[in-house]
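J.: Fold the following.
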Amino acid sequence: MSDNNYQPPKVWEWDQNGNGGAFANINRPISGATHEKDLPVGQHPLQLYSLGTPNGQKVTIMLEELLALGVSEAEYDAWLIRIGEGDQFSSGFVDVNPNSKIPALRDHSTNPPTRVFESGHILLYLAEKFGQLLPKDPAGRTETLNWLFWLQGSAPFLGGGFGHFYNYAPVKIQYAIDRFTMEAKRLFDVLDKQLARSRYVAGDEYTIADIAIWPWFGSVALGNVYNAAEFLDAEKYTHVQRWAKEIAQRPAVKRGRIVNRTFGEPSEQLHERHAASDFDTQTEDKRQA
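T.: Model prediction:
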């Protein structure tokens with residue numbers, strides 16, 4: 001595969017043989033279901049369909065934080081969606097999220113049930129539903145939403161841009177890696193300067209902004225995503241490091257980050273979560289023992 005001599009055609013056509021790469025078998029230029037399959041429904045009103053990627057972790061961390069705050073109505077079932085096997089293209093999943101991306105939530109406490117998709121919107125929906133982790137004063141709320149939407153706009157550059165070309169692409173393209181590394185480091189610098197001003201991203205209060213940003217920027221900074229911390233010289237972002245390590249020690253974060261996780265150490269994989277006791281009995285190391 002050569003990049004130097006490529007000239008785009010007048011009209012792009014999909015090569016169904018793919019171009020290699022980690023996700024070639026599920027990438028396609030059309031939407032909609034590929035097969036009929038209903039989604040499972042558990043005993044709790046909140047039904048989450050997800051995978052333990054950074055976007056998936058946002059929601060499970062949020063739910064665990066709500067439960068830690070005593071919001072019993074935030075109990076949830078977390079069902080595993082194996083995106084490498086195309087589960088996100090089932091008719092049931094497409095009915096919850098027509099964009100076929102995890103995470104997706106269905107709230108059965110409403111009649112009819114409410115579907116919620118896009119990870120940032122799920123955080124906002126849950127914060128507003130339960131009145132937690134989003135400041136009520138207009139200034140604090142606005143600053144929190146500033147950073148929530150900053151993350152929603154920034155994550156594609158860090159993940160689909162930098163992460164893809166640095167870690168997943170079938171060939172190393174210097175131009176692409178340089179381009180997205182520059183943007184990733186600029187975004188880290190933005191976050192570092194903000195965290196120099198306050199304990200948490202949006203101020204002195206822990207909010208959905210921290211919950212949204214930590215699985216991406218915190219995990220990359222701590223070397224848990226893309227194995228890129230050294231390459232990005234992440235240690236230089238001292239305020240991000242301080243914040244990332246503090247968030248990582250929160251009990252709800254420790255729980256939420258392993259839900260629907262299918263990689264890493266077996267003790268940090270809880271493929272599905274249906275009760276709080278599952279953390280003690282159903283992680284992969286305990287299931288395989």
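J.: Can you show me the helices along this structure?
T.: 54-68, 91-96, 119-130, 138-156, 174-195, 208-213, 219-221, 238-248, 251-256, 278-281, 284-288 (DSSP state H).
J.: Buried deepest among those, which one?
T.: Most buried of the helices of the chain, by mean neighbour count (mean count of other C-beta atoms under 10 Å): helix 208-213, with a mean of 29. C-betas here are computed from N, CA, C, even on glycine.
J.: picking up where we left off before, select, out of the helices of the chain, the one closest to S31.
T.: Among the helices of the chain, helix 91-96 comes nearest to S31, with 7.9 Å by C-beta to C-beta.
J.: From start to finish, how long is stretch 109-125 in a straight line?
T.: End-to-end distance for stretch 109-125, by C-alpha to C-alpha, to the nearest Å: 13 Å.
J.: For N17, find the nearest of the helices of the chain.
T.: Ranking these by proximity to N17 (C-beta to C-beta) places helix 174-195 first, at 21.7 Å.
J.: list the helices and strands the closest one packs on?
T.: helix 138-156, helix 238-248 (3 or more C-beta pairs under 8 Å, 6 or more residues apart in numbering; DSSP states H and E).
J.: What average pLDDT does the first one get?
T.: It stands for helix 138-156. In this model, helix 138-156 has an average pLDDT of 98.
J.: So what touches that helix?
T.: Contacts with helix 138-156, where a contact means C-beta atoms under 8 Å, 6 or more residues apart in numbering, come from 54-55, 118-120, 123-124, 134-135, 187, 190, 194, 201-203, 205, 207-209, 212-213, 216-217.
J.: next one: stretch 118-129 to chain centre, how far?
T.: How far stretch 118-129 lies from its chain's middle: 13 Å, per C-alpha atoms, centre = their mean, to the nearest Å.
J.: again but with stretch 226-242, I slipped
T.: The chain centroid and the centroid of stretch 226-242 are separated by 19 Å, computed with C-alpha atoms, centre = their mean.
J.: List the buried residues of it.
T.: Y226, A228, A229, L232, A234, Y237, H239, V240, Q241 (16 or more other C-beta atoms under 10 Å).
J.: Report the contact partners of the spatially closest residue to Q43 that is not a sequence neighbour.
T.: Take Q43 and drop its neighbours on the chain: the residue closest to it by C-beta to C-beta, 6 or more residues apart in numbering is D77, 6.9 Å away. Contacts of D77 were listed using C-beta under 8 Å, 6+ apart, and they are P40, V41, G42, Q43, H44, L46, Q47, L48, E272, R273, H274.
J.: what pairs with D77 across the strands?
T.: Taking DSSP bridges, one obtains Q47 as the residues bridged to D77.
J.: ok so, going back, do you know which of the helices and strands packed on helix 174-195 lies nearest T60?
T.: Of all the helices and strands packed on helix 174-195, it is helix 238-248 that lies closest to T60, at 14.2 Å by C-beta to C-beta.
J.: and that closest one, what other elements does it pack with?
T.: In terms of contacts (3+ C-beta pairs under 8 Å, 6+ apart), helix 238-248 is packed against helix 174-195, helix 219-221.
J.: wait, which of these is closest to L67?
T.: helix 219-221 (21.7 Å).
J.: tell me how far the closest one is from the chain's mean position?
T.: In terms of C-alpha atoms, centre = their mean, the gap separating the centre of helix 219-221 from the centre of its chain is 13 Å.
J.: same deal with stretch 150-168?
T.: In this view, stretch 150-168 has its centroid 11 Å away from the chain centroid, taken as C-alpha atoms, centre = their mean.
J.: tell me how far the ends of that stretch are from each other?
T.: 24 Å.
J.: Then stretch 151-160?
T.: The first and last residues of stretch 151-160 sit 13 Å apart, counting by C-alpha to C-alpha.
J.: got it, and stretch 150-165?
T.: End-to-end distance of stretch 150-165 (C-alpha to C-alpha): 22 Å.
J.: ditto for stretch 193-205
T.: Stretch 193-205: ends 17 Å apart by C-alpha to C-alpha.
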